[in-house]
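Engineer: take a look and give me a structure for this.
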Amino acid sequence: MHKAFFFGATDQRLFANYHPAGRGDGHVLTVICPPLFSEYMHAHSALRKLAIYLSEEGQNVLRLDYRGTGDSFGDLSEFGVSDWVDDIKLAVQQGRDLSGSREVCLLGVRAGALLACRSMGALNGVQRLILWDPVPDGARYLQELRDVQSRCIEEHFYLRRAERAEAKQELAGQRVSNRLIEELGALDASVYSGIPKNSLHVVCTSKVNVRSEEHTSELQSH
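Structural biologist: Numbering: from 1, shown residues only. Coordinates of the predicted model:
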């Protein structure tokens, strides 16, 4: 039966949804690392359905909300990439404790793919990493967010000068920390290339999300 719960430090509780395996011995635990910003909301329903499907097929599944996102504690402007990497590590341990699974798989979606890859170096016993429409790198992803923000400001032509100045400090309508921008911008393609080829699988469903087949082949070749 599906379980929604909080875990972690008292003042920075993480929210997760746990879907136990509906059949079989549930030897696989899949931890879903969601995308960021507006893509989190757009993907929420799809990831919920995916978790239900995987659990029905015999996997234990944990869907995580990073600190400052979704239903987890904190404000987005308080956190950076290093915090979210720690969240993934804690979620994997929590999932193992709940499921007793012998095999762990991380599924990272869009910018969640960068976070999942970044966490791999600090995790033991993760056998598989699935990247769903991964962003190419942090710098390009940040530029995409800035472009979205610029278009939003242009569309809201009635904003006052002070309001425009304040809006320019946001990313896709969200106030974020300088640390997040620095840490996210530092995540380049080497984050992907450091993953063993036999552990990595890339799923591409949108030409918008992955800019070229060449990029996808490059990820799978490492």
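Engineer: contact partners for the spatially most central residue of the chain?
Structural biologist: Closest residue to the average C-alpha location of the chain: residue 112 at 2.3 Å, with C-alpha atoms, centre = their mean. Residue 112 sits next to 32, 33, 34, 35, 36 when contact means C-beta atoms under 8 Å, 6 or more residues apart in numbering. All C-beta spots, glycine's among them, are computed from the backbone N, C-alpha and C.
Engineer: host element of the last one?
Structural biologist: Using DSSP states H and E, residue 36 maps to neither a helix nor a strand.
Engineer: that one against residue 110, yeah?
Structural biologist: Yes - using C-beta atoms under 8 Å, residue 36 is in contact with residue 110, at 7.3 Å.
Engineer: rewinding a little: grab the nearest non-local neighbour of the residue nearest to the centre of the chain.
Structural biologist: Closest residue to residue 112 apart from its sequence neighbours, by C-beta to C-beta, 6 or more residues apart in numbering: residue 33 at 3.8 Å.
Engineer: check contacts around the one you found.
Structural biologist: 64, 88, 106, 107, 108, 109, 112, 113, 115, 116, 119.
Engineer: you'd agree the third one is in a strand?
Structural biologist: Right, residue 106. Yes - assessed by DSSP: H, G, I helix; E, B strand; the rest coil, residue 106 belongs to a strand.
Engineer: that one: how many residues sit nearby?
Structural biologist: 27 (other C-beta atoms under 10 Å).
Engineer: does it have beta-bridge partners, and which?
Structural biologist: residue 31, residue 129 (DSSP bridges).
Engineer: sorry, back to before: as a markdown table, the contacts of residue 33 with pLDDT, distance to residue 202 and secondary structure would be great.
Structural biologist: Below are those laid out as a markdown table (pLDDT from 0 to 100; distance: C-beta to C-beta, whole Å; DSSP: H, G, I helix; E, B strand; the rest coil):
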| residue | pLDDT | distance to residue 202 | secondary structure |
| --- | --- | --- | --- |
| 64 | 97 | 21 | strand |
| 88 | 97 | 18 | helix |
| 106 | 97 | 13 | strand |
| 107 | 98 | 11 | strand |
| 108 | 97 | 10 | strand |
| 109 | 97 | 12 | strand |
| 112 | 97 | 13 | helix |
| 113 | 97 | 9 | helix |
| 115 | 97 | 16 | helix |
| 116 | 96 | 12 | helix |
| 119 | 93 | 17 | helix |
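Engineer: residue 183: neighbour count?
Structural biologist: With other C-beta under 10 Å as criterion, residue 183 counts 19.
Engineer: isn't it right up against residue 83?
Structural biologist: No - counting by C-beta under 8 Å, residue 183 stays clear of residue 83, with 9.1 Å between them.
Engineer: by mean pLDDT, which helix or strand of this protein comes out lowest?
Structural biologist: helix 213-221 (a mean of 48; mean pLDDT, DSSP states H and E).
Engineer: excluding chain neighbours, what is closest to residue 110?
Structural biologist: In space, residue 110 is closest to residue 35, 3.7 Å off (C-beta to C-beta, 6+ apart).
Engineer: and that neighbour, what does it touch?
Structural biologist: Here residue 35 is in contact with 42, 43, 109, 110, 111, 112 (C-beta under 8 Å, 6+ apart).
Engineer: give me the element the nearest residue to residue 19 once chain neighbours are set aside is part of.
Structural biologist: Spatial nearest neighbour of residue 19, excluding adjacent residues (C-beta to C-beta, 6+ apart): residue 55 at 3.8 Å. Per DSSP H and E, residue 55 falls inside helix 38-56.
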